[in-house]
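K.L.:
Just need the structure, nothing else, for what follows:
(chains A and B)
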Protein chains: 2
Amino acid sequence: MSRDVGAFAVSKRLLLIALIALPLSALAPARALSQVDPLPSWKDGAAKSAIVDFVARVTTQGGRDFVPPAERIATFDNDGTLWTEQPFYFQLAFAFDRVKAMAPEHPDWKTRQPFKALIEKDSKALAASGEKGLLQIVMATHAGMTTDAFASSVRDWLATARHPRFNRPYDSLVYQPMLELLAYLRANGFKTFVVSGGGVEFMRPWMERVYGIPPEQVVGSSGVVKFQIGADGKPVLMKEAKVEFIDDGPGKPVGINRFIGRRPIFAFGNSDGDLQMLQWTVAGSGARFAGIVHHTDAVREYAYDRQSRIGKLDKALDAASAGGWTVVDMKQDWKEVFPPLTAAGAATEAKP
Amino acid sequence: MSRDVGAFAVSKRLLLIALIALPLSALAPARALSQVDPLPSWKDGAAKSAIVDFVARVTTQGGRDFVPPAERIATFDNDGTLWTEQPFYFQLAFAFDRVKAMAPEHPDWKTRQPFKALIEKDSKALAASGEKGLLQIVMATHAGMTTDAFASSVRDWLATARHPRFNRPYDSLVYQPMLELLAYLRANGFKTFVVSGGGVEFMRPWMERVYGIPPEQVVGSSGVVKFQIGADGKPVLMKEAKVEFIDDGPGKPVGINRFIGRRPIFAFGNSDGDLQMLQWTVAGSGARFAGIVHHTDAVREYAYDRQSRIGKLDKALDAASAGGWTVVDMKQDWKEVFPPLTAAGAATEAKP
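P.N.:
Residues are numbered from 1 along each chain as shown, chains lettered A, B, ... in the order given. Okay, the predicted model is just below:
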């Protein structure tokens, strides 16, 4: 190395000064960073302390609980944990909107349930179509097209659709404190994953932009996809109307095993659908963190738990209490819920 | 920042010198690196040039073919591409050895085919059991246990088993030139993935150590896994005797879509089982690289292609010829095939 430096005609004296000065100047930004609160939207309290203490413990070299960076796997549920899930899962809102957008190409839908009910905003008839009707709507809007075409339809929808209560783009209804948490973990060498019951092809087109989580770190439910050579000789991947994997409840540790192949040391959820992921996480040896977002804020967001039809939090709340898991009280623990809207109307990006 | 530096009592002059000196000293290691051949086991020739040229094109900021680091996805087949696959897939050797190791706990195997044939080394009876027999052997050795227990059995086997011809540990029969290629791509901002027909749970326990590829970047075939709460109240993942996904042929682009969610720009295979992965890779827009390892070296490894029962390379060789893909001639293009054995008898590690 010294020979190469010599090639740049750097005097030995200058080099020595640089080597001495380097550690000092290198320290400066680190010191500046530690003076800045990495979780500014979190109020001081038990939840924030538990997070910060855990991260300090597993990242302290030589400490009893030190975890090498490669094993710092953190998994997050999405619906209700990273973004809102009320008044119904946003993916369902997407499916409903898509039926309306696709209706002109499907004249038969005018007389066919459950599509007719949806087009005519007949909520009674829609409810009467039940789970079977819902599945028909999901399949009609999620299958029979290429993976690329589907991803485009998701992006188009996010750019135009607005949440009925907040009148904001759906991807702006993400939790600012959780965006900070994701960035904080990554800054501490964690690899952050989404492990959601939502469709993996629905989540991947926007999560990198909004959460800083790349497609290969998004685990979700999936439909069967088939490889085909198109009429133009080009290969495509076609989405079929057949469920392949449901990444929910006991499916979450299974999905984690399948996609990540390593047990998380940190996991966050908000409902009984996350119970097994949290159980699987804390059952590993060494330091473990299990967190739950408890929706307690009807004013700024929603308040629901044990009795809710969507995002029911009952068994997991008992398990949290028994296991000493961290339960975040949205109303008490979060200074802000959503990020400010940028001029463009989209959420502030949370790039790593 | 200047205030923080001030807190460290660094004189302004010293700081200025440091700032000037920094870029020069920082350049030194980079320059040293560029003088070292990153692919020393590759002979100069068309294959090596194609690789180096491609990497230069996609990493040149401002160039026509520049690809942002997040999209630099490289996928590699495993059997026959990163390690040897003759005289039969190593995972099969594992299964055969496991039957022998597990036999004492299964006295019925002494009289039950295909286990009896395997224990008695009766190759004729084993062959007669056909594909059904093979599947029985795989299921008996790959299911009915926890994922953790299976991973341990893989590690134990690698530590003791030896290849019949080379008398080396199986995980030392990896290709030195490909280890260099993996490291070279990663040094250039690529994320390297394995996309193999092999079992994902068979590959993950050793690929991080041997290839520098972490579990979450290993895509493979899989069996059904079930979440259970054990008798001790602890959750476990049980491997069931049911195939879930075959990551081979058209399954490879499907597996890439499912696990990675992003099309590779660089892919390497060695057989017709990789054809669709390579087609899928080159069908994307922008610069793309498709490579094939052609086994032409019967002396140092094996020579086989169009007629081979294992690793048949026929349609993909025609596609390579038609599409101008890079075909590596093992005998001509590689100075070395395998890495040197370390004192411990294991392959040289290829950590990133």
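K.L.:
C-alpha from now on. contacts and neighbour counts both.
P.N.:
Fine.
K.L.:
Now residue A:196: which helix or strand?
P.N.:
Per DSSP states H and E: residue A:196 is located in strand A:191-199.
K.L.:
That should have said residue A:163, apologies.
P.N.:
Here residue A:163 is assigned to no helix or strand, by DSSP H and E.
K.L.:
residues in contact with stretch A:225-233?
P.N.:
A:235-240, B:250-251, B:253-254 (C-alpha atoms under 8 Å, 6 or more residues apart in numbering or on different chains).
K.L.:
Please convert these to CSV, extending it with distance to residue A:109.
P.N.:
Formatted as CSV, those follow (distance: C-alpha to C-alpha, whole Å):
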residue, distance to residue A:109
A:235, 31
A:236, 27
A:237, 26
A:238, 23
A:239, 21
A:240, 20
B:250, 34
B:251, 34
B:253, 34
B:254, 31
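K.L.:
Could you point out the member of the residues you listed that lies closest to residue B:286?
P.N.:
Relative to residue B:286, the closest of the contacts of stretch A:225-233 is residue A:235; by C-alpha to C-alpha it sits at 15.8 Å.
K.L.:
any idea of the pLDDT on the closest one?
P.N.:
Looking at residue A:235, its pLDDT is 97.
K.L.:
same question, residue A:36
P.N.:
The model's pLDDT for residue A:36 equals 89.
K.L.:
For the contacts of stretch A:225-233, give me JSON lines that also has neighbour count, distance to residue A:221 and secondary structure.
P.N.:
Listed next are the contacts of stretch A:225-233 as JSON lines, based on neighbours: other C-alpha atoms under 10 Å in any protein chain shown; distance: C-alpha to C-alpha, whole Å; DSSP: H, G, I helix; E, B strand; the rest coil:
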{"residue": "A:235", "neighbour count": "20", "distance to residue A:221": "24", "secondary structure": "strand"}
{"residue": "A:236", "neighbour count": "20", "distance to residue A:221": "21", "secondary structure": "strand"}
{"residue": "A:237", "neighbour count": "22", "distance to residue A:221": "17", "secondary structure": "strand"}
{"residue": "A:238", "neighbour count": "20", "distance to residue A:221": "16", "secondary structure": "strand"}
{"residue": "A:239", "neighbour count": "23", "distance to residue A:221": "13", "secondary structure": "strand"}
{"residue": "A:240", "neighbour count": "18", "distance to residue A:221": "14", "secondary structure": "strand"}
{"residue": "B:250", "neighbour count": "20", "distance to residue A:221": "21", "secondary structure": "coil"}
{"residue": "B:251", "neighbour count": "24", "distance to residue A:221": "18", "secondary structure": "helix"}
{"residue": "B:253", "neighbour count": "31", "distance to residue A:221": "18", "secondary structure": "helix"}
{"residue": "B:254", "neighbour count": "26", "distance to residue A:221": "15", "secondary structure": "helix"}
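K.L.:
what's the closest of those residues to residue A:333?
P.N.:
residue A:239 (41.4 Å).
K.L.:
so how far is chain B from the closest one?
P.N.:
10 Å (C-alpha to the nearest C-alpha, to the nearest Å).
K.L.:
Let me see the contact set for that residue.
P.N.:
A:142-147, A:223-226.
K.L.:
Just the buried residues of those.
P.N.:
A:142-143, A:145-147, A:223-226 (16 or more other C-alpha atoms under 10 Å in any protein chain shown).
K.L.:
Residue A:209 - how many residues pack around it?
P.N.:
17 (other C-alpha atoms under 10 Å in any protein chain shown).
K.L.:
any idea how far it lies from residue A:203?
P.N.:
11 Å (C-alpha to C-alpha, to the nearest Å).
K.L.:
Tell me the predicted confidence for the residue lying closest to residue A:199 once chain neighbours are set aside.
P.N.:
What sits nearest to residue A:199 in space, not counting adjacent residues and going by C-alpha to C-alpha, 6 or more residues apart in numbering or on different chains, is residue A:221, at 4.6 Å. Turning to residue A:221, the model gives it a pLDDT of 97.
K.L.:
Just say helix, strand or coil for residue A:221.
P.N.:
Following DSSP: H, G, I helix; E, B strand; the rest coil, the label given to residue A:221 is strand.
K.L.:
Secondary structure added to the contacts of residue A:239, as a markdown table?
P.N.:
Listed next are the contacts of residue A:239 as a markdown table, based on three-state DSSP:
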| residue | secondary structure |
| --- | --- |
| A:142 | helix |
| A:143 | coil |
| A:144 | coil |
| A:145 | strand |
| A:146 | strand |
| A:147 | helix |
| A:223 | strand |
| A:224 | strand |
| A:225 | strand |
| A:226 | strand |
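K.L.:
of all these, which comes closest to residue B:128?
P.N.:
Of those, the one sitting nearest to residue B:128 (C-alpha to C-alpha) turns out to be residue A:226, at 34.0 Å.
K.L.:
Show me what the closest one bridges to in the sheet.
P.N.:
Residue A:226 forms beta bridges with residue A:238, as assigned by DSSP bridges.
K.L.:
Strands of chain A, residue ranges please.
P.N.:
For chain A, the strands defined by DSSP state E cover A:73-76, A:145-146, A:191-199, A:218-229, A:235-245, A:266-269, A:289-294, A:326-329.
K.L.:
if you compare those, which one is most tucked away?
P.N.:
Of these, the one with the most neighbours on average (mean count of other C-alpha atoms under 10 Å in any protein chain shown) is strand A:266-269, at a mean of 27.
K.L.:
give me the low-pLDDT residue ranges for the stretch 201-350 of chain A?
P.N.:
The stretch 201-350 of chain A contains residues with pLDDT under 70 at A:343-350.
K.L.:
what residues does it put near chain B?
P.N.:
Counting by C-alpha under 8 Å from any C-alpha of the partner chain, the stretch 201-350 of chain A comes close to chain B at A:201, A:204, A:214-217, A:219, A:222, A:225-227, A:234-237, A:250-251, A:253-254, A:258-262, A:279-280, A:283.
K.L.:
same thing but at 6 Å, please
P.N.:
Within the stretch 201-350 of chain A, the positions near chain B by C-alpha under 6 Å from any C-alpha of the partner chain are A:215-216, A:227, A:250, A:260-261.
K.L.:
and the two most separated of those residues?
P.N.:
A:227 and A:250 (28.9 Å).
K.L.:
quick one, what contacts residue A:313?
P.N.:
The neighbourhood of residue A:313, defined by C-alpha atoms under 6 Å, 6 or more residues apart in numbering or on different chains, consists of A:271-272, A:305-306.
K.L.:
how close does it get to chain B?
P.N.:
For residue A:313 relative to chain B (C-alpha to the nearest C-alpha), the value is 20 Å.
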